[in-house]
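1. My questions concern the predicted model and sequence given below.
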Amino acid sequence: QHPDQVVLLVQNDVGYRNILKLLSTAYMESDNAEDPQVTLEDLEKYSDGLILLTGGIHGPVGRLMVDGQFEHAEVCLDRLAKAYPDRLYIELQRHGLKQEAQIEARMIDLAYAKNLPLVATNEAFFPGRDMFQSHDALVCIAESAYVSQDQRRRLTPDHYFKSPEEMKVLFADVPEAIANTLVVAQRCA
């Protein structure tokens, strides 16, 4: 299993120093040099000056929800909220994946219940929808797999670089998630 993913954004000079500490920790103390990572304790220890986005279905909260571990997901979210006070955002993504749709309502409910802001994000792996098949072929080459294989890493045609207008339409039902993308950008030095 791959490690959970979160997004860390540098808010100020202290955050820059802390992200450097996290990077050093990831590369110097990871057991697997090919997959450097940090612990949740490291994220807590070096949180000052950083903004954390929860990572969608690939983050710790999302993964636990996809696995049906809703109580553990809430405990994890509480822990992150304590470490990143007023600097934690619940990340919503819509790439057409079943798991995203499966947990989105619960993520939104948790955000409202815990007074945590939502933010709309989009993982972009290629510039336009028309590049999906080419990118999919490259993923297969990199992983020594075949396009026809079911058990392999797959993205969707929606993992392209969306314009602000496309994101506004996609998240029209949660406009605060779109508005918070600008808030997050303004909070970063």
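-> Received the coordinates, thanks. Numbers count the residues shown, from 1 in each chain.
2. Please pull out the lowest mean pLDDT helix or strand from the protein.
-> helix 132-142 (a mean of 81; mean pLDDT, DSSP states H and E).
3. Tell me the helix or strand right after that helix.
-> Beyond helix 132-142 on the C-terminal side, the first helix or strand identified by DSSP states H and E is helix 164-170.
4. roughly how far out does that next one sit from the chain middle?
-> Between the centre of helix 164-170 and the centre of its chain there are 18 Å (C-alpha atoms, centre = their mean, to the nearest Å).
5. What's the first helix or strand after it?
-> Past helix 164-170, the next helix or strand by DSSP H and E is helix 175-187.
6. Any buried residues in that next one, and which?
-> 177-178, 180-181, 184 (16 or more other C-beta atoms under 10 Å). (Glycine included, C-beta is placed from N, CA and C.)
7. can you list these in JSON lines and add pLDDT?
-> As requested, the buried residues of helix 175-187 are exported to JSON lines (pLDDT from 0 to 100):
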{"residue": "A177", "pLDDT": "97"}
{"residue": "I178", "pLDDT": "97"}
{"residue": "N180", "pLDDT": "97"}
{"residue": "T181", "pLDDT": "95"}
{"residue": "V184", "pLDDT": "96"}
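8. Pick the one among the residues you listed closest to D48.
-> V184 (17.1 Å; C-beta to C-beta).
9. how about the strand or helix carrying A101: buried residues?
-> Using DSSP H and E, A101 maps to helix 98-113. For helix 98-113, the neighbour count (16+ other C-beta under 10 Å) marks 99-100, 103-104, 107-108, 110-111 as buried.
10. could these go into a markdown table alongside distance to L8 and pLDDT?
-> Putting the buried residues of helix 98-113 into a markdown table (distance: C-beta to C-beta, whole Å; pLDDT from 0 to 100) gives the following:
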| residue | distance to L8 | pLDDT |
| --- | --- | --- |
| Q99 | 22 | 95 |
| E100 | 21 | 95 |
| I103 | 21 | 97 |
| E104 | 23 | 97 |
| M107 | 19 | 96 |
| I108 | 23 | 97 |
| L110 | 20 | 95 |
| A111 | 19 | 97 |
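11. so where is this structure shaky, pLDDT-wise?
-> Scanning the chain with the threshold set as pLDDT under 70 gives 1, 33.
12. can you pull the contacts of the most centrally placed residue in the chain?
-> Centroid-nearest residue in the chain, with C-alpha atoms, centre = their mean: G55, separated by 1.9 Å. With contact set as C-beta atoms under 8 Å, 6 or more residues apart in numbering, G55 has these partners: 4-7, 61-62, 91.
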